[in-house]
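Student: predicted model follows, preceded by the sequence.
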Amino acid sequence: MRGILGRPVLLAAALLASGGLFAGTAVTAAAQDTPSELAKTTDYQQARWHKLHFKPAIDTATNEQCLACHQEVLTGKVREASPAGLKAANAEAWYQTLDTYTGSQDTFHARHLTSAYAKQVMDLKCVFCHQGADPREKAPGSHATGQEPAAFTLRKTVDPSQTCLKCHGQFPNQNMGLDPWVQVREGLETPETPNGCLTCHAEQFRTVRHQVSYLKADAIETLAKTKADACYGCHGGRAWYRISYPYPRHPWPGMDAAVPDWAKDRPSESEAKYRLPQK
Ligand code: HEC
Ligand code: HEC
Ligand code: HEC
Ligand code: HEC
Ligand code: HEC
């Protein structure tokens, strides 16, 4: 940790050495505090209004900084049985039928940050989803000290259309000229080629993909060779929405120069803040 936070800590030290007015208050170096320093915050109001909950500090916050105060999001467990006595182990949700799903039911945060599958294919940060937590009101732009509009969605903890929808939208079959996946997959998947998506996506279409810091692109492609739902999982198999995310459309080798109508407004690159250097 020291390595990563080395520079900001020095900055704080310089402020203290200069006899800065704020020396000693928790807010001076809020964004730079190490997890162990953060964990010493005992005042509830100071913690709740901590700078790390707001822009700009939240943009650079590390998981370790957030977890210094919020470890319960990862240590909490789901109930083994409902209050009425129904055992979680006896229930199977539709998304649990995907062939990448393993283990017993777990919490939302664990499934995105610490499950074996999450760690294999993604590298999500707290701040990928959490763009701020304003204790006053969950309505952006509603008061002078509030967050910028669009920092998060009205009354929601996160902005679902820039987070969840990316991995939990519908299978965009119209854009592929296909029927719904449940109808076409049988004809494309065999024991030797279990993943039907790769029929078209191994070499033909949209082969430049997932070059973003929160996904593990190579691991996804390797896994897809043996797991039928490796691609479908994030592109329709766990859909919580009736729409699909409008993905960027990266030019790929052999691409037709004519842009289809549905793709006219699409960016040709991932969002800058997550983009990785192209291979
Ligand atoms: C110094 C301790 C501290 C740090 C660091 C901290 N938080 Fe918090 N956070 C709190 C406290 C205290 C609350 C208020 C909890 C309550 O009232 O139940 C809170 C509230 C929240 C809430 C709202 C919870 C709710 O139930 O509405 C979210 C979301 C949140 N924090 C996320 C984060 C994220 C993400 C980070 C890192 C960028 C972070 N926090 C860093 C202490 C901290
Ligand atoms: C995939 C998106 C996502 C990621 C990544 C994520 N969160 Fe959350 N978090 C949410 C959502 C959505 C909620 C609201 C859940 C609800 O309302 O029940 C939430 C709720 C919370 C809360 C409120 C208490 C609770 O359990 O409901 C805290 C605190 C929190 N998150 C902290 C964190 C921290 C710390 C991290 C990183 C270690 C993190 N979150 C990573 C989406 C995310
Ligand atoms: C970067 C991709 C990604 C993003 C963004 C994302 N998810 Fe997920 N989500 C996944 C993956 C992958 C799994 C399956 C994890 C596993 O099998 O362990 C999953 C699982 C789930 C589950 C099932 C949990 C369980 O008990 O098994 C729910 C519910 C869920 N996501 C809701 C959300 C919500 C709500 C958001 C936005 C706040 C969100 N997800 C953002 C990829 C994502
Ligand atoms: C029969 C060939 C074919 C199969 C099978 C196929 N796709 Fe596609 N896919 C396409 C074509 C064609 C496009 C659009 C190419 C373009 O941008 O012009 C596309 C586009 C996409 C896009 C981008 C959509 C958008 O709106 O930008 C995603 C995501 C995608 N496919 C995922 C999948 C997944 C996941 C599977 C398997 C569950 C799959 N595809 C199976 C041909 C196919
Ligand atoms: C963990 C979730 C996850 C998995 C697994 C996954 N994707 Fe994606 N996919 C995404 C996200 C998120 C994006 C948007 C990334 C971005 O903004 O550049 C995306 C983008 C795409 C695109 C758009 C490409 C472009 O032009 O930028 C295609 C096509 C696609 N995925 C197909 C697939 C195929 C095929 C597989 C299996 C080999 C797969 N996905 C597995 C989450 C996933």
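Tutor: Thanks, I have it. Ligands and ions are numbered 1, 2, ... in the order given.
Student: contact residues of the stretch 1-150 of the chain facing ligand 5?
Tutor: The stretch 1-150 of the chain has residues Val121, Met122 near ligand 5, with proximity defined as Cβ under 6 Å from any ligand atom. All C-beta spots, glycine's among them, are computed from the backbone N, C-alpha and C.
Student: spell out which parts of the stretch 1-150 of the chain neighbour ligand 1.
Tutor: 38, 41, 44, 47-48, 50, 52-53, 58, 61, 65-66, 68-70, 126-127, 130, 133.
Student: how is the protein divided into domains?
Tutor: With domains defined by automatic domain parsing, the chain comprises 2-7+26-70+123-162, 75-119, 166-263.
Student: can you redo the ones you listed as a markdown table with mean neighbour count, mean pLDDT and distance to Glu269?
Tutor: Formatted as a markdown table, the domains of the chain follow (neighbours: other Cβ atoms under 10 Å; pLDDT from 0 to 100; distance: least, Cβ to Cβ, whole Å):
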| stretch | mean neighbour count | mean pLDDT | distance to Glu269 |
| --- | --- | --- | --- |
| domain 2-7+26-70+123-162 | 16 | 81 | 16 |
| domain 75-119 | 13 | 94 | 25 |
| domain 166-263 | 15 | 97 | 6 |
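Student: ligand 4 is nearest to which of these?
Tutor: domain 166-263 (2.8 Å; Cβ to the nearest ligand atom).
Student: and that closest one, how far apart are its ends?
Tutor: One end of domain 166-263 to the other measures 17 Å (Cα to Cα, to the nearest Å).
Student: over to stretch 251-264?
Tutor: End-to-end span of stretch 251-264 (Cα to Cα): 13 Å.
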